[in-house]
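Participant: I would like the atomic coordinates for the input below:
(chains A and B)
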Protein chains: 2
Amino acid sequence: MKCTVCRGPAVIDVRRHNANFCAEHFVAHCEEQVRRALHQFRMVEPGDRILVAVSGGKDSLALWDLLVRLGYRADGLYLGLGIGEYSDESGQYTRAFASGRGLELIEVDLREHYGFDVPAGAKAAKRVPCSACGLSKRHLFNQAAVDGGYDVLATGHNLDDEAAVLFGNVLRWNVDYLARQAPVLPARGGFPRKVKPLVRLAEREMAAYCVVRGIDYQVEECPMAKGNRHLGYKEALNSIEAQSPGSKSAFYFEFLDKAAQRFNSDFADDQEALLACARCGAPTPVEVCAFCRLVEKATSVPSSRRIPVAGA
Amino acid sequence: MKCTVCRGPAVIDVRRHNANFCAEHFVAHCEEQVRRALHQFRMVEPGDRILVAVSGGKDSLALWDLLVRLGYRADGLYLGLGIGEYSDESGQYTRAFASGRGLELIEVDLREHYGFDVPAGAKAAKRVPCSACGLSKRHLFNQAAVDGGYDVLATGHNLDDEAAVLFGNVLRWNVDYLARQAPVLPARGGFPRKVKPLVRLAEREMAAYCVVRGIDYQVEECPMAKGNRHLGYKEALNSIEAQSPGSKSAFYFEFLDKAAQRFNSDFADDQEALLACARCGAPTPVEVCAFCRLVEKATSVPSSRRIPVAGA
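Facilitator: Have a look, this model is predicted:
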């Protein structure tokens, strides 16, 4: 197997591009795909300060590494979710990455700052853990970006993630979510712009990128996510991709190109209805935002009595 | 396992309905689902003459049986496709079903009436067999319905078929096909109304229906379809269905309910552009219809020199 670029020995094949790469040109391939995503979807403007949400996994660490390599000003944000040893380890990988490269890392700890963790929050709110976790992450990412004066929040969602979310939304034709499924969500009412620069790269490529670049990451998947539907959607799409390489990419990008705008009117209606949360001020369609209600249920104390802290 | 209706011993569970049925109430369940589909999508009007496309497989024979049980006037149409022993056997099952019940069966033989068979046609036209076969079937179904003065053409597409076709179209966001994916296509310019009364019943239920009703059908799948993409889509959806019963049904019916109309404008444009084929008169977007071009390639003789015969 030879590198498609230089004919030297290849370390990876990327079937949907019908290409093989040596280590050097694989890194160049990843950089190029991120550069294209940033450009194609106008993710970042000159001078923007970027906050990267990092979990200690392959995707977010690779994203941070790639953004810095491409010359962007990007700080990291790590959330302590309190999922036992899994969270302890994820923090260690993240801190080691940041300190080894002299990068700025902001930390917010759910237990320390809000008095609960994901397992307890999920139980108290009678939500599945992934739901309580996603809700908390979205809220705290927003707040940290706003408090730190960042223009852009970047997350490590890769092509496999986005295709699986799209598949889940298509399976039930969740038209509201379909309207919102974009690699860029513009800044609005207190929310920073949100971007997903890895949408042109697959999960397998992100793992390979970390190996090639010597990035030490948490390999273990979150123990609370095991058996969730999202993983089933990924498996179903993987079987399709194995049969026809490029299917996953076509599914996601053809959606953006040919179908997404057909669902947009629902989204516009939805946007008009946002208010400021009576407790924390975050944009919400109801009086008290879902995160403040989760805090209340998980701690039996209204969240306004807690000190919302962004930055450690 | 007890029948949900009568508490007698059940012979089948239908997980997406969270129900079990004895033989008698399973037949009633199938009848009810067909009745609902006919009603919900206004498939048949009083006095309509129905032509059922029958292949000798479980779906089409069950459909014919169900329509007759429900009191409709329904004749059968069998196409001889010339796929070796598979076609010979499929004809035998179909004829045995019709003659055993005293039903009217029309036969059209591709080789006898048009001078080629599916394997030869596919080869000559450089199409995959399923493509040449589908094209021929659509054309000959239409022609036989028009020649015989039928109002409605009914096909045995079940929920699994329709969900898999939808999945294939969604995977590439074929917006034209998405606009046309409906359980009823209205009659237009020479085409009869086309209906799919089995859309509320799954593949597994159709097999069970034939067993319970003592219908002898061809179990073997078409040898030319092995390994095609459609089967891969079915497998992927089956894995999702196993994880969350009801997913396939939600995927298909929520599409019809919440998304199909978003693709309709493309279909309207497409409809306006239909002409009459210069050779056979069938509606087509180009001068000579795809079937007549296939006949020409497969036989090296323009199809107008052949005698188009519908009915045996």
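
Participant: Now do the contacts for A:Leu166.
Facilitator: A:Leu178, A:Gln181, A:Phe251, A:Tyr252, A:Phe255 (C-beta atoms under 8 Å, 6 or more residues apart in numbering or on different chains). Every residue, glycine included, has its C-beta placed from N, CA and C.

Participant: Can you select the buried ones from these in PyMOL?
Facilitator: This is how PyMOL selects the buried members of the contacts of A:Leu166, with burial counted by 16 or more other C-beta atoms under 10 Å in any protein chain shown:
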select buried, chain A and resi 178+181+251+252+255
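
Participant: Reformat the contacts of A:Leu166 as CSV; add pLDDT.
Facilitator: Listed next are the contacts of A:Leu166 as CSV, based on pLDDT from 0 to 100:
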residue, pLDDT
A:Leu178, 95
A:Gln181, 90
A:Phe251, 98
A:Tyr252, 98
A:Phe255, 98
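
Participant: show me which of the contacts of A:Leu166 neighbour chain B.
Facilitator: A:Phe251, A:Phe255 (C-beta under 8 Å from any C-beta of the partner chain).

Participant: Which of the contacts of A:Leu166 fall in strands?
Facilitator: Among the contacts of A:Leu166, no member falls in strands (DSSP state E).

Participant: want to throw the contacts of A:Leu166 into a markdown table with distance to A:Arg42?
Facilitator: Below are the contacts of A:Leu166 laid out as a markdown table (distance: C-beta to C-beta, whole Å):
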| residue | distance to A:Arg42 |
| --- | --- |
| A:Leu178 | 21 |
| A:Gln181 | 17 |
| A:Phe251 | 23 |
| A:Tyr252 | 18 |
| A:Phe255 | 18 |
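
Participant: Where helices are concerned, which of the contacts of A:Leu166 count?
Facilitator: A:Leu178, A:Phe251, A:Tyr252 (DSSP state H).

Participant: right, and the first one touches A:Asn169 too?
Facilitator: Yes. A:Leu178 sits in contact with A:Asn169 when judged by C-beta atoms under 8 Å, with a separation of 5.2 Å.

Participant: Tell me which residues touch the closest residue to A:Thr155 other than its chain neighbours, please.
Facilitator: Distances taken as C-beta to C-beta, 6 or more residues apart in numbering or on different chains put A:Ala53 closest to A:Thr155, at 4.9 Å, once the chain neighbours are dropped. Applying C-beta under 8 Å, 6+ apart to A:Ala53 gives the contacts A:Ser60, A:Leu77, A:Leu79, A:Lys137, A:Phe141, A:Leu153, A:Ala154, A:Thr155, A:Gly156.

Participant: let's go with 10 Å and repeat that
Facilitator: Taking C-beta atoms under 10 Å, 6 or more residues apart in numbering or on different chains, we find A:Ala53 in contact with A:60, A:63-64, A:76-79, A:137-138, A:140-141, A:144-145, A:153-157, A:194.

Participant: now do A:Tyr150
Facilitator: A:48-52, A:73-75, A:77, A:106, A:141, A:144, A:192-193.

Participant: any idea which residue sits dead centre in chain A?
Facilitator: A:Thr155 (3.4 Å; C-alpha atoms, centre = their mean).

Participant: And that one, what's its pLDDT?
Facilitator: With respect to pLDDT, A:Thr155 has a value of 98.

Participant: Select the longest strand from chain A.
Facilitator: strand A:74-80.

Participant: Quickly run through the sheet partners of that strand, with directions.
Facilitator: strand A:50-53 (parallel), strand A:105-109 (parallel) (DSSP bridges).

Participant: Need the mean per-residue confidence for that strand.
Facilitator: On average, strand A:74-80 scores 97.

Participant: following that strand, which helix or strand shows up next?
Facilitator: Counting by DSSP states H and E, the element after strand A:74-80 in chain order, helix or strand, is helix A:84-101.

Participant: follow-up on the earlier one: quick check: beta-bridge partners of the residue nearest to A:Thr155?
Facilitator: Under the criterion used here (DSSP bridges), A:Ala53 is bridged to A:Leu77.

Participant: Residue ranges in the stretch 1-150 of chain A under the pLDDT threshold?
Facilitator: Residue ranges of the stretch 1-150 of chain A with pLDDT under 70: none are present.

Participant: the helices in it, which residues?
Facilitator: A:23-40, A:58-69, A:84-101, A:110-114, A:118-125, A:129-147 (DSSP state H, counting those that start in this stretch).

Participant: What is the distance between the third one and the centre of its chain?
Facilitator: On the basis of C-alpha atoms, centre = their mean, to the nearest Å, helix A:84-101 is displaced by 17 Å from the centre of the chain it belongs to.

Participant: mind listing what A:Ala298 touches?
Facilitator: The neighbours of A:Ala298, taking C-beta under 10 Å, 6+ apart as the test, are A:110, A:114-118, A:120-125, A:132, A:136.

Participant: Checking it next. Helix, strand or coil?
Facilitator: helix (DSSP: H, G, I helix; E, B strand; the rest coil).

Participant: could you check the distance from it over to A:Ala125?
Facilitator: As judged by C-beta to C-beta, to the nearest Å, A:Ala298 and A:Ala125 stand 7 Å apart.

Participant: list residues touching both of these two?
Facilitator: A:Phe116, A:Ala132.

Participant: Contacts only, for A:Lys194.
Facilitator: Neighbour list for A:Lys194: A:43, A:53, A:138, A:141-142, A:145, A:152-155, A:157, A:182-187 [criterion: C-beta under 10 Å, 6+ apart].

Participant: Check A:Leu275 too.
Facilitator: A:Gly189, A:Ala282, A:Pro283, A:Thr284, A:Pro285, A:Val286, A:Glu287, A:Val288, A:Cys289.

Participant: any idea which of these is closest to chain B?
Facilitator: Using C-beta to the nearest C-beta, A:Pro285 comes nearest to chain B of the contacts of A:Leu275, at 20.0 Å.

Participant: how about the nearest residue to the closest one, chain neighbours excluded?
Facilitator: In space, A:Pro285 is closest to A:Ala273, 5.2 Å off (C-beta to C-beta, 6+ apart).

Participant: I'd assumed A:Val286 was in contact with the one you found.
Facilitator: Yes. If you go by C-beta atoms under 10 Å, A:Ala273 and A:Val286 touch, sitting 9.4 Å apart.

Participant: quick revisit: now, of the contacts of A:Ala53, which are buried?
Facilitator: Neighbour-count burial (16+ other C-beta under 10 Å) is assigned, among the contacts of A:Ala53, to A:60, A:63-64, A:76-79, A:137-138, A:140-141, A:144-145, A:153-157, A:194.
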